[in-house]
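Chemist: The following block contains a protein sequence and its predicted model.
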Amino acid sequence: MRRGRTEVRRPGHRKLALFLELYLPRGPRDPRWTLWIELWARTPANEDLRAAQQEIDDGWQRDLEALLAKGVDQGRFAAALDVPARASELLALLDGLSTRVVLGQRGADRAASLTRAHSAAALLIPHL
């Protein structure tokens, strides 16, 4: 029997790597991130923008938590992993790396930031 679509199974660490690649900006002045930084700057004075920003942040948090929880369930990440805490810590790190890339800071290109993100993820989320 032939299927029109084949499901691809990826190990937890590969899914996490794909998440990091998706999250980080493509380079300086990445339009997604330029807009995001602009939104951050305006949220303290605008309740509607703050709510929208929080909704977007919560979506990334939920997605990363689901990815990590599935990895734990599949035995790919440590069973004792504090999923919400590790997701929050990794997202904070990614936000910092992303901001540096978008601003074009020295030594903060996409490749270097991906390397740093992978290194931090390996420390925060041990693979089995």
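Modeler: It's in.

Chemist: Okay, now the unreliable bits of the chain?
Modeler: For the chain, residues meeting the criterion pLDDT under 70 lie at 1-10, 128.

Chemist: other SSEs contacting the helix of greatest length in it?
Modeler: Ordering each helix of the chain by length in residues (DSSP state H) puts helix 47-73 first. Helix 47-73 makes packing contacts with helix 12-23, helix 31-42, helix 83-102 when contacts are defined by 3 or more CB pairs under 8 Å, 6 or more residues apart in numbering; DSSP states H and E. All C-beta spots, glycine's among them, are computed from the backbone N, C-alpha and C.

Chemist: and the last one, which residues are buried?
Modeler: For helix 83-102, a neighbour-count test (16 or more other CB atoms under 10 Å) marks 83, 86-87, 89-91, 93-95, 97-102 as buried.

Chemist: and that helix, what other elements does it pack with?
Modeler: So helix 83-102, by 3+ CB pairs under 8 Å, 6+ apart, packs with helix 12-23, helix 31-42, helix 47-73, helix 110-124.
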